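> Fold the following for me, if possible:
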Amino acid sequence: MPYMDNKNAKYLVDTYADMVLRISLLYLKQSCDAEDICQEVFLKLLTADFVFKSPAHEKAWIIRATINACKDHLRTSFWKRATDLENAKEIATKEDEQSELLDMVMELPQNYRLSIYLHYYEDYPVNEIATMLGKSANTVSAYLSRGRKRLKNMLEESTKQEEIDTRGAIHYVK
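This next block holds a predicted model:
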């Protein structure tokens, strides 16, 4: 009996679709491309006859497949010739009170962005992130450290700018 019957397929999509979409969005920064990658990853998963050893193996495979699909997508010749015409921010994730922080995470370089996402949003330890990314644990630790420093600087700059905006405002009384 094949592993991918309707019940298993529905479970995988319900469980991992959000995560695949978020990782794709972190890599590609465009929701339409992230949706294409999500569809591509699940199509690959559902058409092949995979048997996973554990839920952790299943999740790791899906994350790795998503990262590889994003890298393949960015390697296409289209991206070498394309010009970014969209300056508007597209939102593919749920709005929450941490949207400002998420916006700042999205501004980080790709390695920092992905490492921080996997560590803080998906609760992966450094060693597992290193395995998924094909990097050493020290490299991933450095990405996390540098990413946190950049986020701290960005938050401090944002706070300073808010203070300037509020102090510099002139209020007239009638």
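> Now do residue 53 against residue 10, distance only.
According to Cβ to Cβ, to the nearest Å, residue 53 and residue 10 sit 21 Å apart. (Each C-beta comes from the backbone N, C-alpha and C, glycine too.)
> helix or strand right after the lowest-mean-pLDDT helix or strand in the chain?
Here the helix or strand of the chain ranked lowest by mean pLDDT, DSSP states H and E is helix 77-81, holding a mean of 54. Following helix 77-81 in sequence order, the next helix or strand is helix 99-107 (DSSP states H and E).
> list the buried ones in that next one?
102, 104-105 (16 or more other Cβ atoms under 10 Å).
> In the lengthiest helix in the chain, which of the residues would be classed as buried?
With secondary structure taken from DSSP state H, the chain has its longest helix at helix 137-168. For helix 137-168, the neighbour count (16+ other Cβ under 10 Å) marks 139-141, 143-144, 146-147, 150-151, 154 as buried.
> Could you give the average pLDDT over stretch 54-63?
The pLDDT scores in stretch 54-63 average 89.
> Give the buried residues for that stretch.
Buried, per 16+ other Cβ under 10 Å, within stretch 54-63: 58-63.
> Output the residues you listed as CSV; include the columns secondary structure and distance to residue 133.
Below are these laid out as CSV (DSSP: H, G, I helix; E, B strand; the rest coil; distance: Cβ to Cβ, whole Å):
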residue, secondary structure, distance to residue 133
58, helix, 18
59, helix, 15
60, helix, 11
61, helix, 14
62, helix, 14
63, helix, 9
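> Which pair of these spans the longest distance?
Across these, no pair lies farther apart than 58 and 63, at 9.9 Å, counting by Cβ to Cβ.
> Using the record, which stretches count as separate domains in this structure?
For the chain, automatic domain parsing gives the domain ranges 1-80, 98-169.
> could the buried residues of stretch 54-63 go into JSON lines alongside distance to residue 16?
Below are these laid out as JSON lines (distance: Cβ to Cβ, whole Å):
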{"residue": "58", "distance to residue 16": "8"}
{"residue": "59", "distance to residue 16": "7"}
{"residue": "60", "distance to residue 16": "11"}
{"residue": "61", "distance to residue 16": "10"}
{"residue": "62", "distance to residue 16": "5"}
{"residue": "63", "distance to residue 16": "9"}
